[in-house]
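# Got a predicted structure plus its sequence, pasted below:
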Amino acid sequence: MSTDASLLHLLWLASPTLPVGAFSYSEGLEAATDAGWVQDEASCARWLRNQLELVQARAELPLLAAAFRAAEARDDEKLAQLNHWVLATRESSEMLQQTQQMGRSLTAWLKGLQLDTRLLDALTPPTWPVAYAVAGQLRGVPLPALLQAAAFGWAENLVMAAVRGVPLGQSAGQRLLAQLVDAIPAAVEQALQAEEPIAFAPMLGIASMQHETQYSRLFRS
């Protein structure tokens, strides 16, 4: 029996046990629930599907693809530009904190595996999508598969946040995840064809800002 090492590394990067703290963020979902924008399975499905199509497919995944190609080419300047773009387009302090904390944690994980992190060490600090792209490139994961893993990891994290925060039952959570899984291939294809990432999701930024002063919170964003 042969083993595809790149598939194993892909599963490792997509694992919810990856020690980057993703489980502690709801990315505005908790604020949307508090405001009444998300109240049940149907409204949660709309919120997450919109976030997949308007944020992941247009911004996060195209950025990740560009960073992966820059890492392949060992283009320090391009990686720095992309990293700066991420920092400049985070619309709230929580969003900024999340991408910096998760980027640092992933870089520390790579160092623990004794991988070459010089591309990330030059960034102050490395952001999450850039660090994830470099990690995938270092682990030999093909770009389309890496984008699918990133999208699935995002979807799984947000669905579990919905299960805890809306709250929803586990069966509802699995139905939500099934809807997102069906939509992920089109989002990845759109990202691969994008000329550049586009950051424009004003309601998500508003939700994140409202979360910063929310009275009761389970999540860090």
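Structure's in. What do you need?

# drop to CA atoms for contacts and neighbour counts, all remaining ones
Noted.

# ok, and what's touching the helix or strand hosting Arg164?
Secondary structure assigned from DSSP states H and E places Arg164 in helix 143-165. Here helix 143-165 makes contact (Cα atoms under 8 Å, 6 or more residues apart in numbering) with 10-11, 13-16, 22-23, 25-27, 29-30, 33, 44, 48, 56, 61, 64-65, 68, 133, 136-137, 168-170, 172-173, 176-177, 180-181, 184-185, 188, 192, 218.

# Phi first, then psi, for Pro197.
The phi and psi torsions at Pro197 (degrees, to the nearest 10) take the values phi -70, psi 150.

# For the worst-scoring helix or strand of the chain on mean pLDDT, buried residues please.
Least confident element among the helices and strands of the chain, by mean pLDDT, DSSP states H and E: helix 5-14 (a mean of 88). Neighbour-count burial for helix 5-14 flags Leu7, His9, Leu10, Leu13, Ala14 (criterion: 16 or more other Cα atoms under 10 Å).

# show me what contacts Phe19?
Slight slip there: residue 19 is Pro, not Phe. Taking Cα under 8 Å, 6+ apart as the contact definition, Pro19 lies against Ser105, Leu106, Trp109.

# how many other residues sit next to the closest residue to the second one other than its chain neighbours?
With Cα to Cα, 6 or more residues apart in numbering as the criterion, Leu106 has its nearest non-adjacent residue at 5.9 Å, and that residue is Val20. Each residue near Val20 was counted by other Cα atoms under 10 Å, and the total is 19.

# I'd guessed Val20 sits against Leu110; true?
No. Under the contact definition of Cα atoms under 8 Å, Val20 does not touch Leu110, with a separation of 11.2 Å.

# Give me the common contacts of those two.
Applying Cα under 8 Å, 6+ apart, one finds that no residue jointly contacts Val20 and Leu110.

# Please identify the buried residues of stretch 210-221?
Neighbour counts over stretch 210-221 (16+ other Cα under 10 Å) mark Gln210, His211, Glu212, Phe219, Arg220, Ser221 as buried.

# Need the distance between the two termini of that stretch.
Taking Cα to Cα, to the nearest Å, the first and last residues of stretch 210-221 lie 10 Å apart.

# how far is it from where the chain is centred?
Taking the mean C-alpha point of stretch 210-221 and that of its whole chain, the gap between them comes to 19 Å (Cα atoms, centre = their mean, to the nearest Å).
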